[in-house]
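Student: structure for the following, please:
(chains A, B and C)
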Amino acid sequence: MIESKTSPRLFLHPDRLFPDHPTTRNIARRLYETIKDLPIVSPHGHTDPVWFAENAAFPNPAQLFVVPDHYIFRMLYSQGVRLEDLGVPRRDNGPVETDPRKIWRLFASHYHLFAGTPTRLWLDHSFVTLFGIDVRLSAQTADHYYDCISAHLGGANFRPRALFERFNIEVISTTEGALDPLASHQAIRDSGWKGRVITAYRPDGVVDPEFEGFADNLRKFGEITGCDTGHWDGYLAAHRKRRAYFKQFGATATDHGHPTARTADLGRSEIERLFARAQRGTCTPAEAEMFRAQMLTEMAAMSLEDGLVMQIHAGSMRNHNAGIFERFGRDKGADIPMPTNYVEALKPLLDRYGNEKDLTIILFTLDETAYSRELAPLAGHYPALKLGPPWWFFDSVEGMRRFREQTTETAGIYNTVGFNDDTRAYLSIPARHDVARRADCAFLAGLVASHRLEEDEAAVLARELTYDLVKRAYKL
Amino acid sequence: MIESKTSPRLFLHPDRLFPDHPTTRNIARRLYETIKDLPIVSPHGHTDPVWFAENAAFPNPAQLFVVPDHYIFRMLYSQGVRLEDLGVPRRDNGPVETDPRKIWRLFASHYHLFAGTPTRLWLDHSFVTLFGIDVRLSAQTADHYYDCISAHLGGANFRPRALFERFNIEVISTTEGALDPLASHQAIRDSGWKGRVITAYRPDGVVDPEFEGFADNLRKFGEITGCDTGHWDGYLAAHRKRRAYFKQFGATATDHGHPTARTADLGRSEIERLFARAQRGTCTPAEAEMFRAQMLTEMAAMSLEDGLVMQIHAGSMRNHNAGIFERFGRDKGADIPMPTNYVEALKPLLDRYGNEKDLTIILFTLDETAYSRELAPLAGHYPALKLGPPWWFFDSVEGMRRFREQTTETAGIYNTVGFNDDTRAYLSIPARHDVARRADCAFLAGLVASHRLEEDEAAVLARELTYDLVKRAYKL
Amino acid sequence: MIESKTSPRLFLHPDRLFPDHPTTRNIARRLYETIKDLPIVSPHGHTDPVWFAENAAFPNPAQLFVVPDHYIFRMLYSQGVRLEDLGVPRRDNGPVETDPRKIWRLFASHYHLFAGTPTRLWLDHSFVTLFGIDVRLSAQTADHYYDCISAHLGGANFRPRALFERFNIEVISTTEGALDPLASHQAIRDSGWKGRVITAYRPDGVVDPEFEGFADNLRKFGEITGCDTGHWDGYLAAHRKRRAYFKQFGATATDHGHPTARTADLGRSEIERLFARAQRGTCTPAEAEMFRAQMLTEMAAMSLEDGLVMQIHAGSMRNHNAGIFERFGRDKGADIPMPTNYVEALKPLLDRYGNEKDLTIILFTLDETAYSRELAPLAGHYPALKLGPPWWFFDSVEGMRRFREQTTETAGIYNTVGFNDDTRAYLSIPARHDVARRADCAFLAGLVASHRLEEDEAAVLARELTYDLVKRAYKL
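Tutor: Here you go, the predicted structure:
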């Protein structure tokens, strides 16, 4: 491989993401040293339980790194690369590139686009630590990478379960829809493998009247549960049954992906009227919004009963690109954040359950303006509220810094819940947790260097941020 | 006290809150050295004039530090501590904890929650400088603290007036409602004590139709002033009378706590219609908003007449937590900021009075997004507008940094007005001013270190930010 | 000049705007060294083509620096200086100060107001590099400055064309309205001078029904083009003709200054209805908004045909100060930013043309909250979108830092387009580009110092940000 000689070296600097001043950097190093080897606790993400159930080899570098990663193909698409050429499947099953080496080369020749992005940090971390690569990815080194990664993927130590152990994962949660039979989770259990892979209850498909196939979903919801989902009480009973079923597979949390954080606390007759319209598919957008709003409050009520932690991921306009949605479907990098209000939106739910100490609602946002204005003040007051880590576009070095700088002074550290990798990119998990750990240590080092905190306190907080908070908040 | 030996040391590092790089830090140190001993000018706050009138000893550590401080009990409440257990009085006079040592211990055992918050900085500063404590507060040291603080509180040099002098306060403004007889202010005068304690006119209770007891307040407003507050002209005359009365007690400013910054400039008949509805308690929320909006413009008109500086504190949704409001009342840490618009909201008032050089309107926000987008552009143009310092949740190290970074390039330094401690926590006043002085010096040092400013200019600005601007802006 | 001895020295520190830590600063220095002498490419601005056509001397220091610069007079006005006293012409031709030395002295005596602002950086850069001044501007040095600058202005090397070459400008774009005959551009061509001065098509006056004189403008638009601008098809044809005409004078771009980023994709009959109402001047504000919205989509369609790059400058409430507008007219420092939504506003246009690789739409904002929430996610996905540099109030050191920190992680560097000086202050152009180059190098140095990027990559990006991106994005 001549390119490995002439191409720029790739390596991971031990001080990466730490502050530049030596005193502060040394504090960050010392803090990081105390927590870097703690197990990974991954309470929210989108890994595929099939991986752990079947423990099959990953197919090839393109299918592993490029084709499923919307962070990657959205950037290439923004610079004029066709999704077809990246092998992204079309809804109409029309032709797309199938040669993984070609896809990989196309990706490699655009790798410079990721300068300064978290994707670059995650990928380089994987390339070095998992594949021992020591040259930078580019058009010149594309084949070297392809061959090197391919050679590793066949090995027994690159199977999902082996990686699970190598990654030092203590527990990982997948996310499944309310109608999912959880067959892979059952298969994991049946296999006798001891890796702790749990599920989380994500009922959007049976809660959001605007979800594709909602009426059909409701019918299936009834079949699966044996409940009369044609009526409100039966519908709620079906949720309770499924939540209990998910708990059997380790679930400690639910997850709600709503366009807004709107909640409601409506009277019975209004709820039944909305439910009837939702069933018939005749909701106006405002009614659909109101139904979702009411359901957040219903879910909070059930969480008080069964102890499941509630996660609200609000503020994304899904499928903003009509053309991409039509040709390629959901989750193709075309979800765009919207301004999101929490202070009025959450009030109905909070009026009812905000003062409950035994309820935990974890809030996520894609509107960073809410950190200091709404989310930190809310979480710094209501016992039921906690702040989830920076989400999606903000799962990044600068995003994490802004989150801590804008929430800590009002909500403190203890109203936050540690890190979520929130990923379907399995190989990036250690990298993502490492970025978070380094960013947290850098933040804490800054507090110590400016004498807002002593270093022994920072060490306690570093451990809380890495391990303790997430275990407590998610009941893991 | 064995714990004072084994517990971590508490001390105030002389370089706290300064930048980490030695060159920049040394600039900050030198700037700070020139202004650290300037007198405290406190133009807006909520200290109780009774303290200065009666000059009685403060009761005990819990009543002094914990029970009245919503920064403290909101954080503990968010982590599951009951307000009753912190001795916060209930509206129904139901039982709450009355043993101050128990309250103090509960607080102390949760002190780690304040890591990284301004409350921690303020309290540690008081503990060290006022009580000579040298161990960190925790469950272990709670009794040591309690005893130490209690021992001091009885002393003559811990009386409010002695502290006033020790704190080097040149002038402090309290804030009183329009109906307040200012008896304590009269008593201060009558006492012959020379401490300059002035009042400020806060007419929300007779301006906001949604204020509890508004109609009753209007009636009292008429009685006190001898004006016919049943009619618009009489109502305005009553304001003029009270403003003049407040001026007799040193007032140089009014203060307006409104949910939004909305102003209006309505025709006479519409104003009278709104006023009539406000009196009868029949305003819709939109009408109440419009009445408040009109009153800001009326207050500006009166300020032009009588020279009182006008402060607008906009953007807080008061009493967000219905349950807490019902059980404990106002100001219990449950006020949450809202998105706040200034550019359209202030236009009616500015169209009328924005170009008046002899009018000063000081704007405060809880929506930091307005700094660079609306507030700095407005203050950098209109002669009548100035920017108040970072308010409430943003009266913090990071909050001050964001304020300067986001306003200076557009509005400069001279369209700001120095610092407000805005506190009812008397003992924290020196600490708060010290944080602001350090944060300002750190900001200026950064400008000098990056050669945007010379150090002699920064020294002038440091003094402006500490002393001169506030005196000029508030006419003190 | 005694004052040049006793007044503080003025000089430009070679490390200005670089980070304070030596390692990071040295990286910034090295990067800057590689790009500081690259030619200036100025793709968007407001210099007057008459300067280049006539090549006359600039009149005097006041007319050159003070009277036309709204950054300067807005700051002085905010501190109580009358615009009349700064020589700003009144609409009614009433008396204003005409003595340029008096105006200059007034400005000089307020120069301390600009501490920490970009105006200060730009002016000091001009004073030192163009006039060799070495004392700080103040009331004491005002006359020294005035005489020194005056002495230079007469010289042949201070004529616009000589400065063009001295500034190392490769190409500069002015901005002209759709009705402009481009006579100065013709004169530049006819003169045989080789400086590349091009125009850009700014059709607001014939696109915005709320523009002063819109109906009259439409009529002239028809006369100039020979198209029937009384009907929709003729109106569109007129645009096509003018765009082609502007292209003859080098235009590669259009520019659209709209109060919002709203776009529309209406049916033919609704468009014709709106157009008819716009012509008659009977549009409601909502209809005017909708017509502007539709026109952005029409302009995108034409850009696909003729290749002109489209710039959208959205979010300014023009002429916020009614009194100033009445007495002095437009562009008097009284334009105030508004909250601006892009995610919903741009959707109609993007649904139609967002996936076109051959279309370039450059987005600008005055609402920094949109950077991370909307603009970076949009530009990091849609092939047709790029992010313009920080605009207006954010064309500043801190503004540039926030822009990079809040957009790079999501949109990368390659979805941005380098720098715009966007100025009518000709002498500030080198200073503005220098600030941008330093700020970019400082940002990149931070990425290198924290090991997010290698220095060789940063050097490539520094060149992209200075020269390559702008040439490609604007097709220059």
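Student: from B:Asp208, how far off is the closest residue to chain B within the stretch 101-250 of chain A?
Tutor: Nearest residue of the stretch 101-250 of chain A to chain B, counting by C-beta to the nearest C-beta: A:Gly116, 21.0 Å away. From N, CA and C alone the C-beta is placed, and that goes for glycine too. Per C-beta to C-beta, to the nearest Å, A:Gly116 is found 49 Å from B:Asp208.
Student: now do the helices in the stretch 101-250 of chain A.
Tutor: A:118-131, A:142-153, A:160-166, A:183-191, A:204-207, A:214-225, A:232-248 (DSSP state H, counting those that start in this stretch).
Student: returning to what we had before: run through the residues that contact the residue of the stretch 101-250 of chain A closest to chain B.
Tutor: Going by C-beta atoms under 8 Å, 6 or more residues apart in numbering or on different chains, A:Gly116 touches C:408-409, C:412-413, C:447, C:452-453.
Student: who's in contact with the spatially most central residue of chain A?
Tutor: Using C-alpha atoms, centre = their mean, the residue of chain A that lies closest to the mean C-alpha position is A:Asp422, 1.9 Å off. By C-beta under 8 Å, 6+ apart, the contact set of A:Asp422 is A:44-46, A:391-392, A:395.
Student: ok, 6 Å please
Tutor: With contact set as C-beta atoms under 6 Å, 6 or more residues apart in numbering or on different chains, A:Asp422 has these partners: A:44-45.
Student: three-state assignment of it?
Tutor: coil (DSSP: H, G, I helix; E, B strand; the rest coil).
Student: relative to the whole chain's centre, how far out is stretch A:346-356?
Tutor: The chain centre lies 25 Å from the centre of stretch A:346-356; the measure is C-alpha atoms, centre = their mean, to the nearest Å.
Student: nope, stretch A:47-60 is what I meant
Tutor: Offset of stretch A:47-60 from its chain centre (C-alpha atoms, centre = their mean): 18 Å.
Student: okay, that stretch in PDB with CA atoms only?
Tutor: C-alpha atoms of stretch A:47-60 as PDB (Å, rounded to 0.1, in the frame of the first residue of the first chain):
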ATOM      1  CA  THR A  47     -28.800  -0.300  17.600                       C
ATOM      2  CA  ASP A  48     -30.500  -3.200  16.000                       C
ATOM      3  CA  PRO A  49     -31.300  -6.000  18.500                       C
ATOM      4  CA  VAL A  50     -30.900  -8.500  15.600                       C
ATOM      5  CA  TRP A  51     -27.200  -7.900  15.700                       C
ATOM      6  CA  PHE A  52     -27.100  -9.200  19.300                       C
ATOM      7  CA  ALA A  53     -29.600 -12.000  18.600                       C
ATOM      8  CA  GLU A  54     -27.900 -13.400  15.500                       C
ATOM      9  CA  ASN A  55     -24.300 -12.300  16.200                       C
ATOM     10  CA  ALA A  56     -23.600 -12.300  12.400                       C
ATOM     11  CA  ALA A  57     -20.600 -10.600  10.800                       C
ATOM     12  CA  PHE A  58     -21.200  -7.000   9.500                       C
ATOM     13  CA  PRO A  59     -21.200  -7.200   5.700                       C
ATOM     14  CA  ASN A  60     -18.700  -4.600   4.300                       C
END
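Student: for that stretch, the averaged confidence score.
Tutor: Averaging pLDDT along stretch A:47-60 gives 97.
Student: tell me the contacts of A:Trp391?
Tutor: Going by C-beta under 6 Å, 6+ apart, A:Trp391 touches A:Phe364.
Student: phi, psi of it?
Tutor: phi -110, psi 140 (degrees, to the nearest 10).
Student: mind pulling up the pLDDT for it?
Tutor: 98.
Student: how close does the closest residue to chain B within the stretch 1-150 of chain A sit to C:Ser450?
Tutor: Across the stretch 1-150 of chain A, the shortest distance to chain B (C-beta to the nearest C-beta) belongs to A:His21, at 4.3 Å. In this structure, A:His21 and C:Ser450 are 12 Å apart, going by C-beta to C-beta.
Student: neighbour count winner among the two?
Tutor: For A:His21 versus C:Ser450, neighbours defined as other C-beta atoms under 10 Å in any protein chain shown are more numerous around A:His21 (23 against 20).
Student: look up how far A:His70 lies from that one.
Tutor: A:His21 is 37 Å from A:His70, by C-beta to C-beta.
Student: what of A:Arg404?
Tutor: Taking C-beta to C-beta, one finds A:Arg404 at 26 Å from A:His70.
Student: so for the two, which residue has more residues nearby?
Tutor: A:Arg404 (25 against 19).
Student: roughly how far does that one sit from A:Gly446?
Tutor: The gap separating A:Arg404 from A:Gly446 is 9 Å, by C-beta to C-beta.
Student: repeat for A:Glu97
Tutor: Note on A:Glu97: its distance to A:Gly446, by C-beta to C-beta, is 46 Å.
Student: neighbour count winner among these two?
Tutor: Remark: of A:Glu97 and A:Gly446, A:Gly446 carries more neighbours, 22 against 17, as counted by other C-beta under 10 Å.
Student: element containing that one?
Tutor: Per DSSP states H and E: A:Gly446 is located in helix A:429-449.
Student: the following helix or strand past that helix: which residues count as buried?
Tutor: For helix A:429-449, the succeeding helix or strand toward the C-terminus, using DSSP H and E, is helix A:455-463. Buried residues in helix A:455-463, counting neighbours by 16 or more other C-beta atoms under 10 Å in any protein chain shown, are found at A:457-462.
Student: residue in the stretch 151-300 of chain A nearest to chain B?
Tutor: Among all residues of the stretch 151-300 of chain A, A:Asp265 sits closest to chain B, at 10.8 Å; criterion: C-beta to the nearest C-beta.
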